[in-house]
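1. Structure for the following, please:
(one chain, ligands or ions: 1)
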Amino acid sequence: MSPTTAPALGLLFPAQARAAAPVDTVGIADIDAEPERGDFAIPAEGLTDGQRLRALDRMDGYLTRKRRHLVGYQATQELAGSALDLARFMLSNINNLGDPFQSGGYKPNTKVVERAVLDYYARLWHAGPSYDPADPESYWGYMLSMGSTEGNMYALWNARDYLTRPGAPRPVAFYSEDTHYSFAKAVRVLGVDTFAAVGAADYPGECPLGGDWPAEVPSMPGPSGHSWDGTGAVDAEALAVLVEFFAAKGHPIFVNFNLGSTFKGAHDDVRGACERLLPVFERHGLLPRAGEDARRGFWIHVDGALGAGYAPFLRMAAADPAFGWTPEAELPEFDFGLTLPTRESGESGESGESREVDMVASIAMSGHKWAGVPWPCGVFMTKTKYQLEPPTQPEYIGAPDSTFAGSRNGFSPLVLWDHLSRLSYRDQVDRIRRSQELAEYLERRLRELEQETGAELWPARTPGAITVRFRKPSPALVAKWSLSSENVSTTPGDPAGLRGYVHVFLMPSVDRSKLDALLADLARDPVILGIE
Ligand SMILES: Cc1ncc(COP(=O)(O)O)c(C=O)c1O
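-> Numbers count the residues shown, from 1 in each chain. Reported below is the predicted structural model:
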């Protein structure tokens, strides 16, 4: 790295200066103070224009400062382009009520734009042609009014109803310990059993991994032999062992995979894990035989809240040298195009005919993370063959009630469409390339900072992820840079082994100058330097 682009921290902050000038926590607190509730109180007589505009200015000032420093969450702040072009749509009360593939009675809707956005992702995720009720291989989906929490919940709902059969054992859900908390919520809301709950209740002492039933599927162990310093990807071998136990007892199986896990940004090897799972499904009759018109007994969902937005471009760059960049880590297939041969056709083969099985049944992605819509939204997608009848067909809205929400945000499709239409695939590759290069840069600079200061920063990065994790600094810095934190147990069962980590997500709105400013703050942070 050249000293002109990345000055050594020692030169910027000699040891004496660091000691003499700890982080100005008072200053940070002043600048970053959240507006007070009283600033926005609405009296019975309303506000004058002056009061109202002053209150809005107060919020604008706060948000402007905070978005400039936001590095700790997977939400890009690179949003300037759309605001002026799209403000005019705020004159319409847009509502994409009901199914996106039928206009419905509420005509001020943007469903045609929503369908264009869905088509865009369907092409990237190999989901087949646009929705056609007569074509089981066509895709169906909709834009979420919440984020991927809604997408994950919808997937689990669809899967639960698809997998439940009268008189048969109940479906069991599997997700890894690095999975977003939306899953713990979704299983509770939908009354779906996890393998941990069914295992503890019905099969105590029988966990095939040994010991007690774990709460979630283990993630890959790291050098310590435990998962806290692992990559954050699911342990596919442990998953297959657990799935086999329940498949053998006749339970239909729901599996979630992560593409860009919440804290470590890890990508599960969806293909590798599916290669391990398909023979299990076959062995236990969860895959209908060729020509049999029956539902399958498994559902594989990909939580691509962050990663489904950039993963197709990582794969494109890896496959085509014309993009001029080879990503450092291979990203295996993860989408609807992932098909695998069955053993009945691949080995001795009763029919002797080759049969490829498509593995992925649904994908969820947030629109406000990688793509950058300035409010929560997202995309849920599945195939028409997995769709179930909506619970109601209300005449009132004139379109099937096939989505989770009733009223749905019709502004989000416009913003996502506007964003996507500004970028070529090459631009998209460049965007993810820049993020990955910045992640490498930050990790390297944190290691240099450790040498400069003698402080332990525990920098870590999962190859291919766009996040870097490191030691949690003072609360003042956590607030200044909106750093999200996580306590990890390095020695299971020993509270003394707890470590506080934070992470930085290298979203398109983060650049080297922000990282250098953060590093400079870290170089004089009392917690990092161990002087507090
Ligand atoms: C992997 C993963 N899944 C799901 C979610 C939930 O997404 P949302 O906040 O869009 O509801 C997140 C949020 O960070 C996430 O990281």
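2. Distance of the closest residue to the ligand within the stretch 401-532 of the chain relative to residue 202?
-> Nearest residue of the stretch 401-532 of the chain to the ligand, counting by C-beta to the nearest ligand atom: residue 484, 9.0 Å away. From N, CA and C alone the C-beta is placed, and that goes for glycine too. Going from residue 484 to residue 202 by C-beta to C-beta, to the nearest Å gives 36 Å.
3. Output the below-cut-off pLDDT ranges for the stretch 151-300 of the chain.
-> 293 (pLDDT under 70).
4. Equivalent analysis for the chain, please.
-> 1-32, 293, 344-354, 390-394, 532.
5. Swap in 80 and give it another go.
-> Judged by pLDDT under 80, the chain has its weakly predicted residues at 1-32, 79-81, 83, 289-293, 344-354, 389-399, 492-493, 532.
6. For the ligand, give me its nearest residue in it.
-> For the chain, C-beta to the nearest ligand atom, closest residue to the ligand: residue 147, 1.9 Å.
7. what residues does the stretch 1-150 of the chain put near the ligand?
-> 74, 146-149 (C-beta under 6 Å from any ligand atom).
8. Arrange those residues in CSV, one row each, with secondary structure and neighbour count as further columns.
-> Shown next, in CSV, are those (DSSP: H, G, I helix; E, B strand; the rest coil; neighbours: other C-beta atoms under 10 Å):
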residue, secondary structure, neighbour count
74, coil, 22
146, coil, 18
147, coil, 22
148, helix, 29
149, helix, 21
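9. now residue 488, what's its secondary structure?
-> strand (DSSP: H, G, I helix; E, B strand; the rest coil).
10. which residue sits closest to residue 368, ignoring its sequence neighbours?
-> Excluding its sequence neighbours, the residue lying closest to residue 368 (C-beta to C-beta, 6 or more residues apart in numbering) is residue 376, at 5.3 Å.
11. Buried ones in the host helix or strand of residue 452, by neighbour count?
-> Element membership of residue 452 [criterion: DSSP states H and E] is helix 425-453. By neighbour count on 16 or more other C-beta atoms under 10 Å, the buried set for helix 425-453 is 428-433, 435-436, 438-439, 441-443, 445-446, 448-450, 452-453.
12. Just confirm yes or no for the very next helix or strand once past it near the ligand.
-> Toward the C-terminus, helix 425-453 is succeeded by strand 467-471 as the next helix or strand (DSSP H and E). No. Using C-beta under 6 Å from any ligand atom, strand 467-471 stays clear of the ligand, coming no nearer than 10.1 Å.
13. Check which helices and strands whatever helix or strand comes next after strand 467-471 sits against.
-> Downstream of strand 467-471, the next assigned helix or strand under DSSP H and E is helix 475-480. Applying 3 or more C-beta pairs under 8 Å, 6 or more residues apart in numbering; DSSP states H and E, we find helix 475-480 packed against helix 25-32, helix 512-523.
14. CA atoms of the last one as PDB?
-> Extracted in PDB, the C-alpha atoms of helix 512-523 (Å, rounded to 0.1, in the frame of the first residue of the first chain):
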ATOM      1  CA  ARG A 512     -11.100   4.700   2.200                       C
ATOM      2  CA  SER A 513     -11.400   8.200   3.700                       C
ATOM      3  CA  LYS A 514     -14.100   7.000   6.100                       C
ATOM      4  CA  LEU A 515     -12.100   3.900   7.000                       C
ATOM      5  CA  ASP A 516      -9.000   6.000   7.600                       C
ATOM      6  CA  ALA A 517     -11.000   8.300   9.900                       C
ATOM      7  CA  LEU A 518     -12.400   5.300  11.800                       C
ATOM      8  CA  LEU A 519      -8.800   3.900  12.100                       C
ATOM      9  CA  ALA A 520      -7.600   7.200  13.400                       C
ATOM     10  CA  ASP A 521     -10.300   7.200  16.000                       C
ATOM     11  CA  LEU A 522      -9.500   3.600  17.000                       C
ATOM     12  CA  ALA A 523      -5.800   4.500  17.300                       C
END
